[in-house]
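Engineer: Mind folding the following:
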Amino acid sequence: MIRTPSLLYRLHIDAPLLGGVLVMAALGLVVLYSAADQSIDVVIKQAMRIALGLTCMIAIAQVPPRRLARWAPVLYVIGTLLLVLVLAIGQGRGATRWLDFGVIRFQPSEIMKLAVPLTVAGFMAEKVLPPQMRTTIAALVMVLLPAGLIIDQPDLGTAILVATSGLFVLFFGGISWSFMRNCLLLGIAAAPFGWFSMHEYQRQRVMTLIDPSQDPLGTGYHIIQASIAVGSGGVYGKGWLNGTQSHLEFIPERATDFIFAVYCEEFGLIGVVILLLAYTLILARGMRIAMEAQEMFGRLTAASLTMTLFIYIFVNMGMVSGALPVVGVPLPMVSYGGTSFVTILTSFGILMSIHTHRKFISET
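Structural biologist: The predicted structure is shown next:
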């Protein structure tokens, strides 16, 4: 008996991953409606961004992984040049993170969230694995160059995501434990120098994490109000549209970085468990795609993109709950925003491409 691929598979669409994306997008719109004070205009704008993201996802899924590997260095070079341009003429509130060309306004750093893992994976896939020292050093340069440019904007949250996406490629490529241990020791030794090289507001965020009550109406305000919202939801939550912390405007940035606090208050512990389950299923699908990839490039890329999504989730939830400093990382597929949403869905398209462009083996 010959097993025939499904219609969606032949269209290079992975059904479980698509289902997870649609569920999360719908949940995000529901939460956003409440977080944005029941503004239907905000929901419509987000729905349009979701449609754009889905279009990008399906389009990139049609591109074979080998072609993605060839395009990645070009995308990396263009993205790096745009990051340099951001430092020269970029725009932003308190930070230069955006390029505005009149008809389009975007963050070049978002490009590097895809360009870095794709480029490093393509580079590593052509080398002997586990990687030799010179291969490891070359890959680290590819990772740290754009991350350094992003930190200089300054945008620590995005820099962390870009760096981890490339470092995950190195990890799954088989980098030695001794090298990781030495890097960790070096990082600990360099921590005092890193502390004094940080911007004042970044140092303040770390101090606020340790003791938010030292400035409850200033730097500690975000964490304190978000923690109150998270705890007040209890087991069952206050109900959709009934969150007092959000609707009385105690939670800042409640439609973007702190939307998880709104979700916790309105849907409680049970809602959080459901959200975590949905994320877990998407992450598990991504890792399965990585394990089933037939080429090293696909395996490294899929694993890196999946684990980078995990870092998105971990950092945002840790930030909102007060376990991590506030670094401005949105909650994937839930927070209001266009560029990051499109980037995440495009990464899902890459996963679909890796999975559906495999050579199909018949089973008899």
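
Engineer: F348 reaches C56, doesn't it?
Structural biologist: No. Contact status for F348 versus C56: not in contact, 9.4 Å apart, counting by CB atoms under 8 Å. C-beta here means a position set from N, CA and C on the backbone, and glycine is covered the same way.

Engineer: Between the two, point out the one with more neighbours.
Structural biologist: Just comparing F348 and C56: by other CB atoms under 10 Å the higher neighbour count belongs to F348, 29 against 18.

Engineer: got the contact list for the more buried one?
Structural biologist: Neighbour list for F348: L17, V21, M57 [criterion: CB atoms under 8 Å, 6 or more residues apart in numbering].

Engineer: Now tabulate those in TSV and tack on secondary structure and distance to S109.
Structural biologist: Rendered in TSV, the data for the contacts of F348 read as follows (DSSP: H, G, I helix; E, B strand; the rest coil; distance: CB to CB, whole Å):
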residue	secondary structure	distance to S109
L17	helix	25
V21	helix	23
M57	helix	20
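
Engineer: which of the residues you listed has the most neighbours?
Structural biologist: Using other CB under 10 Å as the neighbour test, the contacts of F348 are led by M57, with 24 neighbours.

Engineer: how near is that residue to G20?
Structural biologist: Going from M57 to G20 by CB to CB, to the nearest Å gives 12 Å.

Engineer: Can you get me a residue count around the nearest residue to C56 once chain neighbours are set aside?
Structural biologist: Spatial nearest neighbour of C56, excluding adjacent residues (CB to CB, 6 or more residues apart in numbering): T346 at 4.7 Å. As a burial measure, T346 scores 21 neighbours (other CB under 10 Å).

Engineer: What of the one 4 residues further on?
Structural biologist: I350 sits with 23 neighbouring residues when counted by other CB under 10 Å.

Engineer: can you check I313 too?
Structural biologist: With other CB under 10 Å as criterion, I313 counts 21.

Engineer: isn't it right next to V334, touching?
Structural biologist: No. In this structure, I313 is not within contact of V334 by CB under 8 Å, at 9.7 Å.

Engineer: quick one: pLDDT of F258?
Structural biologist: F258 carries a pLDDT value of 90.

Engineer: Pull the contacting residues for it.
Structural biologist: With contact set as CB under 8 Å, 6+ apart, F258 has these partners: H222, A226, I251, P252, V320.

Engineer: So the last one is in contact with A226, correct?
Structural biologist: This means V320. Yes. Under the criterion of CB under 8 Å, V320 makes contact with A226 at 4.9 Å.

Engineer: Overlap in contacts, these two.
Structural biologist: F258, A261.

Engineer: Grab the nearest non-local neighbour of S246.
Structural biologist: V262 (4.4 Å).

Engineer: For the chain, just list every one of the helices.
Structural biologist: Taking DSSP state H as the criterion, the chain carries its helices at 7-10, 15-35, 40-61, 65-89, 108-125, 133-151, 156-172, 177-197, 200-210, 221-232, 244-247, 259-292, 296-321, 339-356.

Engineer: Deepest in the core, which of those is it.
Structural biologist: Burial of these is given as mean neighbour count (mean count of other CB atoms under 10 Å); helix 108-125 ranks first at a mean of 26.

Engineer: sorry, back to before: possible to save the helices of the chain as a markdown table with distance to W98?
Structural biologist: Below are the helices of the chain laid out as a markdown table (distance: least, CB to CB, whole Å):
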| stretch | distance to W98 |
| --- | --- |
| helix 7-10 | 36 |
| helix 15-35 | 22 |
| helix 40-61 | 16 |
| helix 65-89 | 7 |
| helix 108-125 | 9 |
| helix 133-151 | 13 |
| helix 156-172 | 12 |
| helix 177-197 | 24 |
| helix 200-210 | 19 |
| helix 221-232 | 22 |
| helix 244-247 | 27 |
| helix 259-292 | 21 |
| helix 296-321 | 20 |
| helix 339-356 | 9 |
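
Engineer: need the least confident one among those helices, by mean pLDDT.
Structural biologist: Among the helices of the chain, helix 200-210 carries the lowest mean pLDDT (a mean of 68).

Engineer: how about stretch 76-85 as CSV, C-alpha atoms only?
Structural biologist: Taking only C-alpha atoms (Å, rounded to 0.1, in the frame of the first residue of the first chain), the coordinates of stretch 76-85 have been written out as CSV:
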residue,chain,number,x,y,z
TYR,A,76,22.4,38.6,6.3
VAL,A,77,24.6,41.2,4.5
ILE,A,78,21.5,43.4,3.6
GLY,A,79,20.3,43.2,7.2
THR,A,80,23.7,44.1,8.6
LEU,A,81,24.0,47.1,6.3
LEU,A,82,20.5,48.2,7.3
LEU,A,83,21.4,48.0,11.0
VAL,A,84,24.4,50.3,10.3
LEU,A,85,22.0,52.6,8.5
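
Engineer: got the domain boundaries for this protein?
Structural biologist: For the chain, automatic domain parsing gives the domain ranges 20-62+201-356, 85-198.
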